[in-house]
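*Asks:* Any chance you could fold what I've pasted below:
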Amino acid sequence: MKYLLAFLLVFSFIGHAGDLKDLKVGEAVPSFTLKNYDGKDYDLKKVLKENKYAVVMFISTECPVSNGYNERMVKLNETFGKKGVAFLGINANKEEDVKRIAAHSKEHGFKFPVLKDVQNKVADLYAAQVTPETFVINTEGKLVYHGRIDDSRTLSKVTTNDLADALDKLLAGKTLTAATSKAFGCSIKRVD
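*Replies:* Here you go, the predicted model:
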């Protein structure tokens, strides 16, 4: 019986994950409004009107891979925030509540908002699978980059800075040669 339940749980997750429609580079992304841990609303359309690009990052308070990127996310926000790039963290994990998100954000010095995606509705719209996973959106609301921040959870082993390289090229008006990369990390813990 235990094995049957485990099989059914895995099967239902795979079935649900298969229902998600992957966003393609060049497509319009779904807009959303979510609350930061302090209760302030963030509307993607408004963020895009005020910036050159928005980086939507699905992150977690508990995932060791996501947490391995905390300092890098802070640095990316510091570097590119001055250049007209807005960073929005989104936490879609069902067990990570607003209090935990607030404490985690303060502990790690996040200067970007971390929004709570209750019932993982935005994660589903974006077909986000792991933390961390990033989506770069232009002012027209179109996806221009999707994937990882870089190629290693361990900073000393990084050989490619995929997200930073993409942002540098986009801000310079260049075409991206690599508009997607394979994101890796912990799976987003969705509601049943």
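*Asks:* Quick one: residues contacting Asn36.
*Replies:* By CB atoms under 8 Å, 6 or more residues apart in numbering, the contact set of Asn36 is 42, 113-116. Bear in mind the C-beta positions are built from the backbone N, C-alpha and C, glycine included.
*Asks:* Gly185: what's it in contact with?
*Replies:* 60, 63, 65-66, 130-133, 153.
*Asks:* please redo it, this time with the cut-off set to 6 Å
*Replies:* By CB atoms under 6 Å, 6 or more residues apart in numbering, the residues touching Gly185 are 63, 65-66, 130-132.
*Asks:* ditto for Thr180
*Replies:* Contacts for Thr180 (CB under 6 Å, 6+ apart) come out as 146-147.
*Asks:* roughly how far apart are it and Val144?
*Replies:* Per CB to CB, to the nearest Å, Thr180 is found 10 Å from Val144.
*Asks:* circling back: what subset of the contacts of Asn36 is buried?
*Replies:* Buried members of the contacts of Asn36, scored by 16 or more other CB atoms under 10 Å, are 42, 113-116.
*Asks:* quick revisit: looking at the contacts of Asn36, which are in strands?
*Replies:* Within the contacts of Asn36, residues falling in strands by DSSP state E are 42, 114-116.
*Asks:* Let me know the next secondary structure element after the strand or helix carrying Leu125.
*Replies:* For Leu125, the enclosing helix or strand under DSSP states H and E is helix 121-126. Counting by DSSP H and E, the next helix or strand C-terminal to helix 121-126 is strand 130-131.
*Asks:* Mind giving me the packing neighbours of that following strand?
*Replies:* Of the remaining helices and strands, none touches strand 130-131 by 3 or more CB pairs under 6 Å, 6 or more residues apart in numbering; DSSP states H and E.
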